[in-house]
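Student: return a 3D structure for these sequence lines:
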Amino acid sequence: MDQPFTLAACAEMLWRDKPIEWRCAQLKELGFEVGLWNWAEHDLDALVRSGATFSIMNGYLTGRLADDEGADELLRSARETAQVGKRLGVARLNLHGTGLGEGGLPVRPSEVTTGRMWLKARDTLARIADMAEEEGLVYTLENLNLPVDHPGTPFGRAEDTLALVKSVNHPCLRLNLDLYHVQIGEGNLIETCRACLPFIGEVQVADVPGRCEPGTGEINYRVVAKALYDMGYRGAVGMEAFASTDPVTALAAFRAAFSAGSVSTAAST
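Tutor: Numbers count the residues shown, from 1 in each chain. Modelled structure (predicted):
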């Protein structure tokens, strides 16, 4: 069996003392595609020179889903980022329930998400999807955990992002299903994957607690990998995790968890 999934890793989280061009080139050499957190912090020419294949990156710099002013700004920012994505050949451009600021905290936190906000968010995402179709791109909406990393983020739970993407129902708007965030906020990983499966653009992983590579925490990612494979998923899996030791070892653990061997022989729990 060939590699069952396309594997990628977040460049900003590995070799953090090295230039971004070096990190991207190293991931390419090791056989991984590259994810990026924030394109605006990097030299785009250096990213191109790395020769890397980019799996996903931030799809906006400013804006919000659920109010008129924020939605207009989000669409403007997403249009700008779309051109960067096309230049780099990025497969997916990522969105959140609201803009994130220092430390990953929402720039406009919301303890209550009203019906009006839901309707506006759906309308905004439909506008993004139509723009993405014009540009020949795919946008994803990422779930985030509220208890630890992103308190106050509207539409943060996986069930929320699924409801929004389902309601828009457009091929240019998919889910970035981050299982690290699901485990902290909701759990029930395999059934969440199954519910989200028709709308998944990418799956992202890190172990809990600690947000390091698979095998360092409580999640049995070999079993998750087999379940994803058995339910028919063949897309991208991105390691959005820090390395508990050295990055090469961490990437090897990630690859082993999502290897052909894992999907054919993972032990049940």
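Student: CA atoms for contacts and neighbours, from now on please.
Tutor: Fine.
Student: where exactly do the helices run in the stretch 101-250 of the chain?
Tutor: 115-135, 158-168, 179-185, 189-196, 221-230, 247-257 (DSSP state H, counting those that start in this stretch).
Student: quick one: average pLDDT of the second one?
Tutor: Mean pLDDT, computed over helix 158-168, is 98.
Student: from the chain's centre, how far out does stretch 128-135 sit?
Tutor: Centroid separation between stretch 128-135 and its chain, computed with Cα atoms, centre = their mean, to the nearest Å, is 19 Å.
Student: and the closest residue to residue 89 other than its chain neighbours, what pLDDT?
Tutor: Leaving aside its chain neighbours, residue 89 sits nearest to residue 54 (6.7 Å; criterion: Cα to Cα, 6 or more residues apart in numbering). Confidence at residue 54, expressed as pLDDT, is 98.
Student: I'd like to know how many residues surround residue 239.
Tutor: 30 (other Cα atoms under 10 Å).
Student: leaving out sequence neighbours, find the closest residue to it.
Tutor: Counting by Cα to Cα, 6+ apart, the residue nearest residue 239 is residue 9, at 4.5 Å.
Student: surely that neighbour is in a helix?
Tutor: No. Under DSSP: H, G, I helix; E, B strand; the rest coil, residue 9 sits outside any helix and is assigned strand.
Student: I'd say it and residue 34 touch.
Tutor: Yes. Using Cα atoms under 8 Å, residue 9 makes contact with residue 34 at a distance of 5.3 Å.
Student: which neighbours do these two share?
Tutor: By Cα atoms under 8 Å, 6 or more residues apart in numbering, residue 9 and residue 34 have these common neighbours: residue 27.
Student: tell me the centre residue of the protein?
Tutor: The geometric centre of the chain, computed from its C-alpha atoms, lies nearest to residue 176 (Cα atoms, centre = their mean), at 4.3 Å.
Student: pLDDT value on that one, please?
Tutor: 98.
Student: one more: the one 3 residues further on?
Tutor: Looking at residue 179, its pLDDT is 98.
Student: isn't residue 66 right up against residue 114?
Tutor: No. At 9.5 Å, residue 66 does not count as touching residue 114 under the criterion of Cα under 8 Å.
Student: higher neighbour count, those two?
Tutor: residue 66 (24 against 12).
Student: contacting residues around the more buried one?
Tutor: Counted by Cα under 8 Å, 6+ apart, residue 66 has contacts 98, 116, 117, 118, 119, 120, 121, 124.
Student: 7 Å - rerun?
Tutor: Contact analysis of residue 66 by Cα atoms under 7 Å, 6 or more residues apart in numbering lists 117, 118, 120, 121.
Student: highest neighbour count among the residues you listed?
Tutor: Ranked by neighbour count (other Cα under 10 Å), the contacts of residue 66 have residue 121 at the top, with 24 neighbours.
Student: ok, that one to residue 244 distance?
Tutor: 37 Å (Cα to Cα, to the nearest Å).
Student: check residue 186 too.
Tutor: 24 Å.
Student: just residue 21 next, same as before
Tutor: 22 Å.
Student: so these two - more neighbours on which side?
Tutor: residue 21 (20 against 14).
Student: wait, the more buried one touches residue 51, no?
Tutor: No. Look at residue 21 against residue 51 with Cα atoms under 7 Å: they stay out of range, at 8.9 Å.
Student: if we can go back for a sec, for the residue nearest to the centre of the chain, name its beta-bridge partners.
Tutor: Counting by DSSP bridges, residue 176 forms beta bridges with residue 142, residue 202.
Student: quick one: contacts for it?
Tutor: 140, 141, 142, 200, 201, 202, 203.
Student: now swap in residue 145 and tell me
Tutor: Residue 145 sits in contact with 156, 157, 181, 182, 184, 185, where contact means Cα under 7 Å, 6+ apart.
Student: residue 192: which of those residues is nearest?
Tutor: Nearest to residue 192 among the contacts of residue 145: residue 182, at 8.3 Å, using Cα to Cα.
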